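>>> sharing a sequence plus its predicted fold:
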Amino acid sequence: MKTSARLAEANRFRTLVVCLLALLLACAPVISSQQKSLSTEKRAEIEKAVSSFMSANSVPGIGVAVVLEGEPAWSAGFGMADLENSAPATSSTLFRLGSISKPISAVAVLQLWERGKLDLDAPAQKYCPAFPQKEWPITSRELLGHLGGIRHYNSDGKGDIPEDSARHFSSMEESLQIFAADPLVAKPGTKFNYSTYGYTLLGCVLEGAASQKYVGYVWENIFKPAGMTQTQADDFFVVIPHRTRWYHKDKSGIVHNAGVLDSSYKIPGGGLISSADDMAQFEAAILADKLLKRTTRDVMWTVLQPTEGKPSNYALGWFVAEKFGLRTAGHTGGQQGTDTAFLMVPDRRAGVVVLANMDNVNTNLLADEILKIILDLKDNTR
């Protein structure tokens with residue numbers, strides 16, 4: 001057998017071992033000791049759903065948490081956080097959040113609005129003078145709802161940070177340089193155009209309004225009061241305990257380490273790391289009005305409609321929609337080595353968190369399935 005063929009066969013064997021190991025561990029999850037209020041039957045159903053999802057998608061590791069009656073009710077880790085070192089995933093393992101960083105940033109901005117420190121309808125340059133004037137003014141409210149006309153990543157990658165890049169950005173102002181000179185893709189308010197770069201601009205706005213760096217503000221005003229003791233920026237160069245490794249499956253089904261990512265250029269929109277336990281604390285804090293007044297939360301969850309184009313189901317940093325006959329609020333995320341979803345049903349004071357250390361696996365489907373289990377929902381309630 002040729003050397004290349006032997007290597008390919010070895011890789012396939014290793015992938016099979018990885019998948020089998022992850023599946024076995026999924027059947028024996030590492031469960032948080034703090035929560036006991038979810039029934040044994042529902043735990044078993046969730047574990048079966050997670051095991052099937054991991055097996056079907058070759059996911060090495062997953063963190064899951066459930067919120068019931070407004071409080072974290074159960075959480076567990078499944079599979080491996082680090083395949084090379086056989087480190088199991090737990091409910092406190094830190095995963096890249098991807099775009100579910102956006103609801104956290106939205107809460108921070110709405111806090112400043114609630115406290116009279118930020119006008120949602122003022123031009124962004126009032127708080128972020130480093131961003132150049134455009135043909136039309138752009139407001140924080142429009143940026144929160146992806147109606148600001150700021151471009152997203154270019155499909156050809158030109159003008160963006162390379163996909164495998166360890167370039168570190170030291171400030172929001174430096175990060176703005178990636179897109180600040182580019183023309184708007186639409187007049188603000190007219191069309192929904194999802195944009196992570198728009199949230200980088202929001203980060204600059206937040207810093208100007210708060211007179212404080214983004215990371216410091218969210219730690220003091222969101223993470224600390226919510227009990228999110230592990231959540232932080234995903235600093236590529238810092239040694240962070242309990243941070244998972246990142247994985248990607250190629251077209252042939254072989255699991256690899258995911259590409260390099262220094263997300264310092266997009267912290268407010270996709271650069272935080274957190275655990276299932278911490279994100280459950282975030283959901284509980286939102287449901288308990290610990291971070292925002294109920295009236296402010298209502299503003300945050302009011303969908304903004306563009307004046308042109310397709311209708312939106314995006315509010316201020318959150319997707320708000322009806323699922324299973326219930327009003328839900330949440331978000332999904334994905335980037336190198338991660339796929340994430342969290343979902344809340346405010347009227348039922350319930351929520352779900354799913355964090356995976358492999359990209360492009362659609363954890364939103366698993367979150368939906370777990371939500372149906374914990375709330376006894378049926379498919380015909382869609």
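That came through, no problem.
>>> what's the distance between Ile286 and Lys158?
38 Å (C-beta to C-beta, to the nearest Å). C-beta: built from backbone N, CA, C; applies to glycine.
>>> looking at the two, which one has more neighbours?
Ile286 (24 against 6; other C-beta atoms under 10 Å).
>>> secondary structure class for that one?
helix (DSSP: H, G, I helix; E, B strand; the rest coil).
>>> thought it was touching Leu292?
Yes. Between Ile286 and Leu292 there is a contact at 7.3 Å, judged by C-beta atoms under 8 Å.
>>> overlap in contacts, the two.
Residues touching both Ile286 and Leu292 by C-beta atoms under 8 Å, 6 or more residues apart in numbering: Val107.
>>> could you find the closest non-adjacent residue to Lys372?
Nearest non-adjacent residue to Lys372, counting by C-beta to C-beta, 6 or more residues apart in numbering: Phe324, 6.6 Å away.
>>> and if you look at Glu174?
Distances taken as C-beta to C-beta, 6+ apart place Tyr265 nearest to Glu174, at 7.9 Å, with adjacent residues excluded.
>>> got a list of what that neighbour touches?
By C-beta under 8 Å, 6+ apart, the contact list for Tyr265 reads 161, 167, 169, 174-175, 178, 200, 271.
>>> mind doing that once more with 7 Å?
Listed by C-beta atoms under 7 Å, 6 or more residues apart in numbering, the contact partners of Tyr265 are 161, 169, 175, 178, 200.
>>> for it, report the pLDDT, please.
Note for Tyr265: predicted pLDDT of 97.
>>> can you confirm it is in a helix?
Yes. Looking at Tyr265 with three-state DSSP, it is inside a helix.
>>> ok, now how distant is it from His331?
Separation of Tyr265 from His331 (C-beta to C-beta): 20 Å.
>>> swap in Gly317?
With C-beta to C-beta as the criterion, Gly317 and His331 are 8 Å apart.
>>> joint contacts of the two?
What both Gly317 and His331 touch, as defined by C-beta under 7 Å, 6+ apart, is the set 102-103.
>>> Ser195 touches Asn154, doesn't it?
No. Counting by C-beta atoms under 7 Å, Ser195 does not reach Asn154; the two are 11.7 Å apart.
>>> which of the two has more residues huddled nearby?
Ser195 (21 against 11).
>>> next one: the more buried one from Lys117, what distance?
Distance, Ser195 to Lys117, using C-beta to C-beta: 24 Å.
>>> Val107 too?
From Val107 to Lys117 the distance is 14 Å (C-beta to C-beta).
>>> A strand includes Asp235, no?
No. Secondary structure of Asp235 (three-state DSSP): coil, not part of a strand.
>>> find the residue closest to it in space, skipping its chain neighbours.
Asp235 sits nearest to Ser264 (C-beta to C-beta, 6+ apart), 7.2 Å away.
>>> now, among the contacts of Tyr265, which is nearest to Leu375?
Of all those, Leu375 sits closest to Thr200, with 35.9 Å by C-beta to C-beta.
>>> secondary structure element holding that closest one?
If you go by DSSP states H and E, Thr200 is part of helix 196-210.
>>> list the buried residues of the very next helix or strand once past that helix.
Remark: after helix 196-210, the chain's next helix or strand is helix 214-218, criterion DSSP H and E. Across helix 214-218, burial judged by 16 or more other C-beta atoms under 10 Å covers 214-215, 217-218.
>>> could you identify the most distant pair in those residues?
Longest distance between any two of these is 7.4 Å, between Val215 and Tyr217; criterion C-beta to C-beta.
>>> which residues sit in contact with Ala106?
Contacts of Ala106 by C-beta under 7 Å, 6+ apart are 144, 300, 316-318.
>>> highest neighbour count among those?
Greatest neighbour count in the contacts of Ala106, by other C-beta under 10 Å, goes to Gly317: 29 neighbours.
>>> in its sheet, what does the longest strand belonging to the chain sit against?
When the chain is scanned for its longest strand (criterion: DSSP state E), the result is strand 71-82. Strand 71-82 has the following strand partners under DSSP bridges: strand 30-31 (antiparallel), strand 61-68 (antiparallel), strand 87-88 (antiparallel).
>>> and Val59, how far from Trp318?
25 Å.
>>> please apply the same query to Lys266.
On the measure of C-beta to C-beta, Lys266 and Trp318 end up 18 Å apart.
>>> try Leu371
Counting by C-beta to C-beta - Leu371 and Trp318 are separated by 16 Å.
>>> now render the contacts of Tyr265 as CSV, adding distance to Lys102.
Shown next, in CSV, are these (distance: C-beta to C-beta, whole Å):
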residue, distance to Lys102
Ile161, 18
Phe169, 18
Ser175, 15
Ile178, 17
Thr200, 11
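>>> and the two most separated of those residues?
Largest separation among those by C-beta to C-beta: Ile161 and Thr200, giving 11.3 Å.
>>> okay, these two: which has more neighbours?
Remark: of Ile161 and Thr200, Thr200 carries more neighbours, 30 against 19, as counted by other C-beta under 10 Å.
>>> the more buried one contacts Pro268, doesn't it?
Yes. With contact defined as C-beta under 7 Å, Thr200 counts as touching Pro268 (6.2 Å).
>>> my guess is Phe319 contacts His331. True?
Yes. Applying C-beta under 7 Å as the test, Phe319 and His331 come out as touching, 5.8 Å apart.
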